[in-house]
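Student: Everything below, folded, please.
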Amino acid sequence: MMKTIFKLCFVSLFLFGLWNLMLGYFPFLLFFLFVFLTIFLSLMSLKAMRHTDVLVSTDKHFVERQDNIYLTFQRRDSLSIHCGQIIIEYKVIDVFEQCISRRQVTILDEVAMDVITLPHCGFYTIQIEQIRCYDLLQCFFHRCVSHQNISLYVLPKYKKTNLQLLDTFQEHPDAIDYATHHGGDDYSEIYEVRKYHENDSLRHIHWKASLKKNELLVKVGSQPIVKRIVLAMLYHQNDDYSDKQFDVFFSLCSDLLRKQIPFEILVPQCHDVLSHNEYIESVEHLREVLQKIMKTPIERFDNIPKNQMIYMIKGENIEVYQS
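Tutor: Sure, this is the predicted structure:
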């Protein structure tokens with residue numbers, strides 16, 4: 001009986017001493033494990049923090065004013081162990097190198113998205129300024145500069161125009177110039193030769209070409225025009241006034257294309273290419289020329305081709321200049 005009580009007391013004292021010993025070292029053990037885990041995970045993600053970049057992209061590079069622009073930011077690295085979250089700071093810059101806005105987005109996994117809108121027409125660049133790559137525990141971060149960027153154009157909107165320019169330049173039978181994009185009724189200048197159709201007049205058959213090709217071919221006459229219209233606009237700031245100019249300019253050009261009235265656009269000087277006229281053939285070509293105007297804003301034209309009438313769009317009106 002005494003031996004049993006002695007053993008029980010001995011075990012109780014041993015457990016009590018062990019408990020006191022552990023009670024003193026347990027907070028230190030927890031602190032040691034926390035520090036060790038923090039340092040270990042930081043070292044594991046250090047390489048990823050230093051070699052991670054972010055790629056920015058968008059679903060479309062041509063938008064209209066106030067359209068939603070969806071930006072995608074994607075983590076880019078080739079490591080087996082990734083870093084933690086990435087905080088991205090980026091800005092929107094216009095063609096005048098003015099910062100329109102600064103924004104911040106966070107990548108928690110692989111991809112993050114953001115939505116922006118641009119209020120004015122023009123050429124814009126979305127540029128990542130810097131990224132902060134965190135370790136796996138989000139305790140430390142490595143800041144690095146990124147040079148990733150994308151560009152986009154904010155195009156004007158079509159609005160019905162009431163300008164009289166569309167009625168002042170009509171096709172004229174006494175002209176010395178001819179339309180280059182469609183035929184007409186002036187057979188003194190042949191526009192093209194095509195195959196004979198059932199309702200074609202026999203007097204328009206091109207006998208010489210028919211004998212060579214061994215099939216009936218007819219002549220298509222040309223369409224005389226007074227002269228090509230030369231349109232121009234100055235773009236030197238982003239505001240509502242320039243937006244109205246772009247809308248009128250784009251709408252007028254679109255109406256001229258729809259009515260098949262030939263016209264040219266005075267393109268500003270860019271680098272080594274002087275100011276020159278470009279004949280507009282289609283809506284796609286019109287948008288290409290608009291992009292050139294948006295990328296090269298100017299306050300006045302230099303080296304304009306001489307002896308031509310230029311119709312300058314100013315606001316919602318047209319002013320005529322003789323070069």
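
Student: Count residues in the vicinity of Ile39, would you?
Tutor: Ile39 is flanked by 10 other residues according to other C-beta atoms under 10 Å. For glycine as for every other residue, the C-beta is placed from the backbone atoms N, C-alpha and C.

Student: residue nearest the centroid of this protein?
Tutor: By C-alpha atoms, centre = their mean, the chain has its centre lying nearest to Leu152, at 1.6 Å.

Student: okay but His61 is in contact with Leu152, surely?
Tutor: Yes - the criterion here is C-beta atoms under 8 Å, and His61 meets it with Leu152 at 4.6 Å.

Student: Give me the packing partners of the lengthiest strand in the chain, helices and strands only.
Tutor: Determined from DSSP state E, the single longest strand within the chain is strand 122-134. Judged by 3 or more C-beta pairs under 8 Å, 6 or more residues apart in numbering; DSSP states H and E, strand 122-134 is in contact with helix 2-50, strand 53-58, strand 86-94, strand 141-145, strand 149-155, helix 283-295.

Student: Which positions within it qualify as buried?
Tutor: 122-124, 126-128, 131-134 (16 or more other C-beta atoms under 10 Å).

Student: what distance separates it from the middle of the whole chain?
Tutor: Put simply, strand 122-134 sits 14 Å off its chain's centre (C-alpha atoms, centre = their mean, to the nearest Å).

Student: partners of it in the sheet?
Tutor: Here strand 122-134 has these sheet partners by DSSP bridges: strand 86-94 (antiparallel), strand 141-145 (antiparallel), strand 149-155 (antiparallel).

Student: Pipe the ones you listed into JSON lines and attach distance to Asp255 and mean pLDDT per row.
Tutor: Formatted as JSON lines, the strands paired with strand 122-134 follow (distance: least, C-beta to C-beta, whole Å; pLDDT from 0 to 100):
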{"stretch": "strand 86-94", "distance to Asp255": "28", "mean pLDDT": "94"}
{"stretch": "strand 141-145", "distance to Asp255": "48", "mean pLDDT": "87"}
{"stretch": "strand 149-155", "distance to Asp255": "16", "mean pLDDT": "94"}
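
Student: With distance to Tyr70 added, can I get those in a markdown table?
Tutor: Formatted as a markdown table, those follow (distance: least, C-beta to C-beta, whole Å):
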| stretch | distance to Tyr70 |
| --- | --- |
| strand 86-94 | 14 |
| strand 141-145 | 25 |
| strand 149-155 | 11 |
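
Student: mind checking pLDDT for the spatially closest residue to Leu257 that is not a sequence neighbour?
Tutor: Nearest non-adjacent residue to Leu257, counting by C-beta to C-beta, 6 or more residues apart in numbering: Val283, 6.3 Å away. At Val283, the pLDDT value in this model is 90.

Student: if I look at Lys160, how far off is Leu216?
Tutor: According to C-beta to C-beta, to the nearest Å, Lys160 stands 44 Å off from Leu216.

Student: quick one: which of these two has more around it?
Tutor: Leu216 (15 against 6).

Student: Hmm, that one is touching Ala209, no?
Tutor: No - at 9.5 Å, Leu216 and Ala209 do not qualify as touching, with contact defined as C-beta under 8 Å.

Student: Report the contact partners of Phe301.
Tutor: 232, 234, 266, 268-269, 275 (C-beta atoms under 8 Å, 6 or more residues apart in numbering).

Student: Three-state assignment for it, please.
Tutor: Look at Phe301: counting by DSSP: H, G, I helix; E, B strand; the rest coil, its state is coil.

Student: what's the answer for the one 5 residues further on, then?
Tutor: State at Lys306, reduced to three classes by three-state DSSP: coil.

Student: for Asp67, helix, strand, or coil?
Tutor: coil.

Student: how far away is the nearest residue to it once chain neighbours are set aside from Cys253?
Tutor: The shortest distance from Asp67 to any non-neighbouring residue, by C-beta to C-beta, 6+ apart, is to Thr117 (6.7 Å). To Cys253, Thr117 is 25 Å away according to C-beta to C-beta.

Student: So between these two, which is more surrounded?
Tutor: When Thr117 and Cys253 are compared for neighbours, Cys253 comes out ahead with 25 against 12, by other C-beta under 10 Å.

Student: Just give the nearest non-adjacent residue to the more buried one, would you?
Tutor: Going by C-beta to C-beta, 6+ apart, Cys253 has Leu286 as its nearest residue, at 5.3 Å.
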